[in-house]
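**Q** Task: produce atomic coordinates for the following.
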Amino acid sequence: MKTIKIKKLLPKITDEQINQSKVLVDAIKKYGGKLQSVVAIEELSELQKEISKFIRCKGDIQGLKEEIADVYIVLEQLKIIYNISDYDIDSYKKFKIDKLKELIESNTPWEYDKESDQ
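**A** Presented below is the predicted three-dimensional model:
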């Protein structure tokens, strides 16, 4: 019944997306928003560690993909826990990307050695 209502409001949403959202909500209900927020911190830390391994040539792409997926999942949960809409996130993303574009196009020196990237 709820699936039909959601699909009317969001016609582009798939059954799989609805089911995944339900799982995220169920996890929050079962474990609590506070604990799931801690899990988010842990997952972000695991991604940080995997990126560090990758930079040191000790990581693998599968591990990196897995940690990125975990972070996507916990970010969705954080949006639910703290009642943050996609619109809010998209607005901030646009603002931040516009700032990045300005920085790229400016002659402002960046404190980063691109040579070490190669």
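**Q** hey, let's count contacts and neighbours off CA atoms from now on
**A** Noted.
**Q** By average pLDDT, which secondary structure element in this structure comes out worst?
**A** Across the helices and strands of the chain, mean confidence by mean pLDDT, DSSP states H and E is lowest for helix 2-9: a mean of 58.
**Q** need the next SSE after that one, C-terminal direction.
**A** Beyond helix 2-9 on the C-terminal side, the first helix or strand identified by DSSP states H and E is helix 15-31.
**Q** who does whatever helix or strand comes next after that next one touch, helix- and strand-wise?
**A** The helix or strand immediately downstream of helix 15-31 is helix 33-55, counting by DSSP H and E. Helix 33-55 sits against helix 61-81, with contacts defined as 3 or more Cα pairs under 8 Å, 6 or more residues apart in numbering; DSSP states H and E.
**Q** got the angle between the helix it packs on and helix 33-55?
**A** Between the axes of helix 61-81 and helix 33-55, defined by axes from the mean of the first three to the mean of the last three Cα atoms, to 10 degrees, the angle is 150 degrees.
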